[in-house]
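Asker: Only the shape, not the letters, is given here:
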């Protein structure tokens, strides 16, 4: 039984920065199909980043993604009757997806501010290699390091 291939959804670059990653980020922020609301949140947070750091928000955003992207993760592999956490390298596409998802989740988990402010704070702290997103990445790496003994199960 062969695996079924699927057609990847092509995402068009966003209209303001003409960037594919920003478009994907907007799509992940979006809830219930309200894209204009998601765009307002993302662009608002980019404006805040520009105001606070005096840098290009796209550069800060890309730096944050690079810092938040995990290199290895653990996947469950069933061998015999036991389930092992096997460390596997993360491919480029998944690395980006995880980084975007973690940044959004970290922003949502904070309370008491508008979403665009929380998102801007999270992106800036990730760009500076600090914050809860970086902590999450380090935890994933620690888990993979701890389970390095099971690496021979990755086939």
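Answerer: It's in. Predicted model, so just to flag it, every value in this text is computed and none were measured. Numbers count the residues shown, from 1 in each chain.
Asker: how far away is the residue lying closest to residue 28 once chain neighbours are set aside from residue 25?
Answerer: The spatially closest residue to residue 28, leaving aside those adjacent along the chain, is residue 100, at 5.1 Å (Cβ to Cβ, 6 or more residues apart in numbering). Using the backbone N, CA and C atoms, a C-beta is placed for each residue, glycine as well. To residue 25, residue 100 is 5 Å away according to Cβ to Cβ, to the nearest Å.
Asker: Check the offset of the strand or helix carrying residue 103 from the chain's centre.
Answerer: Element membership for residue 103 (DSSP states H and E) is helix 92-109. Here helix 92-109 is found 2 Å from its chain centre; the criterion is Cα atoms, centre = their mean, to the nearest Å.
Asker: what does it rub up against?
Answerer: Here helix 92-109 makes contact (Cβ atoms under 8 Å, 6 or more residues apart in numbering) with 21, 24-25, 28-29, 64-65, 68-71, 73, 90, 115, 118-119, 121-123, 126, 131-133, 136-137.
Asker: cool, stretch 129-142 as well?
Answerer: Under Cβ under 8 Å, 6+ apart, the answer for stretch 129-142 is 64, 67-74, 99, 102-103, 106, 109, 122, 125-126.
Asker: from those residues, which ones fall inside helices?
Answerer: 64, 67-68, 99, 102-103, 106, 109, 122, 125-126 (DSSP state H).
Asker: Using PyMOL, define a selection of the buried residues within these.
Answerer: With 16 or more other Cβ atoms under 10 Å as the criterion, this PyMOL line picks the buried residues out of these:
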select buried, resi 64+67+68+99+102+103+106+122+125+126
